[in-house]
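Asker: my questions concern the predicted model and sequence given below.
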Amino acid sequence: MATVESLSKHAREHPGPDGTVVRNWILNSVPDAEFRHIRPHLEPVHLSVGATIVEQESEVAHAIFPNSGLVSLLVMMSEGRSSEVSIAGCEGMVGIGLLGGLNRSVHSAVVQVEGDGLRISARRLRLALKNSPTFREAITRFCVIQLMLVSQTAACNRIHPVEKRLARWLLLCQDRLSSETIRSTHDFLATLLGTDRPSVTLAAQKLQNEGMLQLTRGHLRVLSRSRLEQFSCECYAATAQFNRALGLSEGVDPWLSSAGIPPLAG
């Protein structure tokens, strides 16, 4: 899939190190004064589909902030099987363990949809977190919500049927991409959903037969988002309630307001 513009509802449009507009929500949450100190240490990076940008159990040298595209966080088992535990796109970052001083990753990070991003070295990230309070707050908020997404995914994979999980996955992807069409093979979907290819094929055909999805070779096109939301398991709504806090929709987040948590400084 070609690079697409982030859906993140950014308060700013900071210029990146190469002069292009930053589309990552975390970076665009940072006030100009803080961003001026971070910008010189950001490096543009292309996210090629299928590329493993972080290896499980390997050293994490950089944090990556996607501007576009989508990255899957996978747990790889010793027998060769794997399962997606979360995703990161324009709303977040890859390498959240660095926030807690962890330099080894417990997940692999694989580019699911081609895009681009900005990376910063682990050392420079630590300095930025120390000296930039709004940047630190934005990353911390993303990390907490990411942990909620991981736990919800674990429960979903254990309890719900494949077709419900596929509907949820499609909705999560759409939230982070400005496209109705997602490029993915059934083999890769089986890896992401922790199942086998025949099960994914049957699940996708069920969604197509009910008019929610159109299947073409290597592509899945959402035909009716509203029906997909109704069909999906409760796990999508449980995590989508935080979309505003992640900059994926506009307005004031009702959950943050009810919890007494103020918006990020502007």
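Answerer: Cool, the structure landed. Numbers count the residues shown, from 1 in each chain.
Asker: residues touching Ala154, list them.
Answerer: Residues in contact with Ala154 (CB atoms under 8 Å, 6 or more residues apart in numbering) are Val85. Glycine gets a C-beta too; all of them are placed from N, C-alpha and C.
Asker: check which helix or strand it maps to.
Answerer: Per DSSP states H and E, Ala154 falls inside helix 133-159.
Asker: next structured bit after that helix?
Answerer: helix 162-176.
Asker: so for the helix holding Ala154, mean pLDDT?
Answerer: Across helix 133-159, the average pLDDT comes to 92.
Asker: burial of Pro17, as a residue count?
Answerer: 14 (other CB atoms under 10 Å).
Asker: now do the one 5 residues further on
Answerer: Using other CB under 10 Å as the criterion, Val22 is surrounded by 26 other residues.
Asker: for the chain, which segments count as helices?
Answerer: Under the criterion DSSP state H, the chain contains helices at 25-28, 32-38, 122-131, 133-159, 162-176, 186-193, 197-209, 225-231, 234-240, 254-258.
Asker: what about the nearest residue to Ala61 once chain neighbours are set aside, how many residues nearby?
Answerer: Closest residue in space to Ala61, ignoring its immediate chain neighbours: Ala122 at 6.0 Å, by CB to CB, 6 or more residues apart in numbering. Ala122 has 17 neighbours, counted by other CB under 10 Å.
Asker: list the contacts for the spatially most central residue of the chain?
Answerer: Nearest residue to the geometric centre of the chain (CA atoms, centre = their mean): Ala88, 1.7 Å. By CB under 8 Å, 6+ apart, the residues touching Ala88 are 66, 70-71, 73, 94, 109, 146.
Asker: most surrounded residue in those?
Answerer: Per-residue neighbour counts (other CB under 10 Å) across these peak at Pro66, which has 31 neighbours.
Asker: distance check, it against Arg124.
Answerer: Distance of Pro66 to Arg124, given as CB to CB, to the nearest Å: 18 Å.
Asker: adding distance to Ser83, write the contacts of Ala88 out as JSON lines.
Answerer: Converted to JSON lines, the contacts of Ala88 look like this (distance: CB to CB, whole Å):
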{"residue": "Pro66", "distance to Ser83": "21"}
{"residue": "Leu70", "distance to Ser83": "16"}
{"residue": "Val71", "distance to Ser83": "15"}
{"residue": "Leu73", "distance to Ser83": "10"}
{"residue": "Val94", "distance to Ser83": "17"}
{"residue": "Ala109", "distance to Ser83": "14"}
{"residue": "Gln146", "distance to Ser83": "16"}
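Asker: ok, for Thr191, nearest residue in space, not its chain neighbours?
Answerer: Thr191 sits nearest to Ser82 (CB to CB, 6+ apart), 5.4 Å away.
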